[in-house]
Structures are given as structure tokens and as C-alpha cells.
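Novice: fold the following for me, if possible:
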Amino acid sequence: MKENIKILFMDVDGTMTNGDIYCSADGEEYKTFNVKDGYAIAHILPKCGITPVIITGRQSGIVEYRAKELGVTEVYQGSKDKLLTLIDVLQKFGNRFSHVAYIGDDINDIECIKKCGFTACPADAVPEVLEEVDYVCRTNGGRGAVREFIDVITK
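Specialist: Here you go, the predicted structure:
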């Protein structure tokens with residue numbers, strides 16, 4: 001296990017999901033989540049004393065529902081500046097950047113990636129993110145990348 005990791009920040013669209021958003025005619029959104037990611041978040045992280053945190057630039061009832069289902073209590077939606085949100089969470093928990101693992105897939109994750117102790121992205125992240133992270137997952141977003149990263153952190 002990466003001994004100093006106390007918090008795992010996870011982006012949603014393109015990381016916990018494959019990035020597709022299905023919309024009905026009345027505006028209802030649908031997303032898919034990977035069950036292996038969910039198992040690792042709900043069962044492996046707590047055993048290792050790592051707090052899961054969901055951070056996303058969008059606002060979605062689906063994310064709130066999935067977080068509750070997984071027992072994730074730290075959920076930050078509609079974050080226009082993810083780094084400021086991350087700093088607020090670090091202050092809340094009394095941790096340092098070096099205690100944070102972060103997984104994200106797009107340009108709005110780069111500031112956080114540059115600051116955190118151990119970082120990753122799905123295999124299909126944008127090139128700018130692929131160049132910045134410590135670990136590039138073999139799997140794509142929404143296809144087990146979060147589980148893969150959790151396994152790397154906790155082994």
C-alpha cells in the first residue's frame with residue numbers, strides 16, 4: 001500500500017464513468033458505473049483507512065445516488081475550481097497534498113494532478129493528462145480504471 005495515502009479523489013465523467021451521458025426527451029440523464037470500481041470504493045478503501053472523495057464539475061442526482069450507494073459521504077459536485085475544493089477538503093481532514101491520491105481524465109483535473117502525492121488517469125484520458133500523471137491505467141474510464149488504481153494504491 002502507498003503508506004502515506006489517506007484520501008482518494010475521484011473525478012466522475014470519463015473516470016468513474018465512460019464519459020457518455022444519455023439524455024431522455026424530458027432532460028433526465030443516465031450514466032453507467034462499473035461494479036468493480038464500486039466494490040473497491042465501498043469495501044477495499046475503508047479497510048485500508050482511505051477516505052473516498054468524489055469531485056466533479058457537473059451536478060447530477062445520479063452521482064449523489066451512486067455515492068450514497070457506495071457509502072461515500074464526501075461528494076463535491078459543481079466544482080468550478082477543483083483545486084480549491086481539494087484544498088478545502090485537505091483542511092477539513094487535516095491532511096497534506098502528499099496524502100492524496102487523485103484520478104481524473106481531463107484538463108480540469110490537471111491542477112489537482114500536479115499537486116497530489118500519487119496520481120492516475122484512465123487509459124483514454126486526454127493527452128495533457130496522460131503526460132502529467134504518475135500512473136496510466138490499462139483500463140478506460142468507466143471500465144475499471146478506478147478499481148485498477150485502488151489496487152495499485154492498496155497493494
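Novice: so where do the strands sit in this protein?
Specialist: Taking DSSP state E to define them, one finds strands in the chain at 7-10, 22-23, 29-30, 51-55, 74-76, 100-103, 118-121, 135-136.
Novice: put the alpha carbons of the fourth one into CSV.
Specialist: Read it as strand 51-55. Once side chains and other backbone atoms are set aside, the C-alpha atoms of strand 51-55 remain, and they are given as CSV (Å, rounded to 0.1, in the frame of the first residue of the first chain):
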residue,chain,number,x,y,z
THR,A,51,-11.4,8.2,2.6
PRO,A,52,-13.0,8.2,-0.9
VAL,A,53,-13.9,11.6,-2.2
ILE,A,54,-15.9,12.3,-5.4
ILE,A,55,-15.2,15.6,-7.2
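Novice: could you check that strand and say which residues are buried?
Specialist: Residues of strand 51-55 classed as buried under the neighbour-count rule (16 or more other C-beta atoms under 10 Å) are Thr51, Pro52, Val53, Ile54, Ile55. For glycine as for every other residue, the C-beta is placed from the backbone atoms N, C-alpha and C.
Novice: so who does the closest residue to the third one other than its chain neighbours touch?
Specialist: Leaving aside its chain neighbours, Val53 sits nearest to Glu74 (4.3 Å; criterion: C-beta to C-beta, 6 or more residues apart in numbering). Under the criterion of C-beta atoms under 8 Å, 6 or more residues apart in numbering, the neighbours of Glu74 are Thr51, Pro52, Val53, Ile54, Val89.
Novice: can you add pLDDT and give those residues back as CSV?
Specialist: Conversion of these to CSV gives the following (pLDDT from 0 to 100):
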residue, pLDDT
Thr51, 97
Pro52, 98
Val53, 98
Ile54, 98
Val89, 96
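Novice: so which of those residues comes closest to Phe9?
Specialist: For these, the closest approach to Phe9 (C-beta to C-beta) belongs to Val53, at 4.8 Å.
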